[in-house]
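# Structure for the following, please:
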Amino acid sequence: MKLHELQPAAGATKSRKRVGRGISAGKGKTAGRGDNGQNKRSGGGKGPYFEGGQLPLVRRLPLLRGFTNRSRVEYQPVNLDRLADLFAADAEITPDTLAASRLIRSGGEPVVILGNGDVSAALHIKAHRFSASARRKIEAAGGTVEILDLG
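Numbers count the residues shown, from 1 in each chain. So this is what the prediction gives:
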């Protein structure tokens, strides 16, 4: 057997219906498209957005519009006043210690330190992001700031 001799098994394929080839052919005259109107024509019909003049579904549901950034990073926020209450001077604060003290949900998610409140003790904080005011207050109190990788 050669490649050009291959063919489907007998009865496995059906020839297509040839429409518009006379009344006696079964699908003659209107070729199965009905009598007259837009849908009789080639390319006829309305698009999926058109609903007969009714306000289309995509305009009735404003929640579904817009853009969602798939690479957005969702940070867990922690303010300085919460850190000052819980940790002593020269304490090393990491996402894991924050999770252990129940300030954040889990140590595996990115953490941002925000500058609300004051810090009097020198804290050594490791987080994924710091606001400018938080960094300024921590370093003014004699503490250190270390930025962790997101990966």
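# Show the residue spans covered by the strands in the chain.
76-79, 92-93, 111-114, 124-127, 129-130, 144-147 (DSSP state E).
# Among these, single out whichever gets nearest to S15.
strand 76-79 (65.0 Å; CB to CB). C-betas here are computed from N, CA, C, even on glycine.
# now the farthest one out in this structure, which residue is it?
S24 (56.2 Å; CA atoms, centre = their mean).
# could you dump the strands of the chain to JSON lines with mean neighbour count and mean pLDDT?
Listed next are these as JSON lines, based on neighbours: other CB atoms under 10 Å; pLDDT from 0 to 100:
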{"stretch": "strand 76-79", "mean neighbour count": "18", "mean pLDDT": "96"}
{"stretch": "strand 92-93", "mean neighbour count": "18", "mean pLDDT": "94"}
{"stretch": "strand 111-114", "mean neighbour count": "21", "mean pLDDT": "96"}
{"stretch": "strand 124-127", "mean neighbour count": "20", "mean pLDDT": "96"}
{"stretch": "strand 129-130", "mean neighbour count": "18", "mean pLDDT": "96"}
{"stretch": "strand 144-147", "mean neighbour count": "13", "mean pLDDT": "96"}
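# now the residue nearest the centre of the chain: how far from G108?
Nearest residue to the geometric centre of the chain (CA atoms, centre = their mean): R70, 4.2 Å. Distance, R70 to G108, using CB to CB, to the nearest Å: 20 Å.
# can you give me the offset of the least confident helix or strand in the chain by mean pLDDT from its chain's centre?
Sorting the helices and strands of the chain by mean pLDDT, DSSP states H and E puts helix 57-60 at the bottom, at a mean of 86. The chain centroid and the centroid of helix 57-60 are separated by 20 Å, computed with CA atoms, centre = their mean, to the nearest Å.
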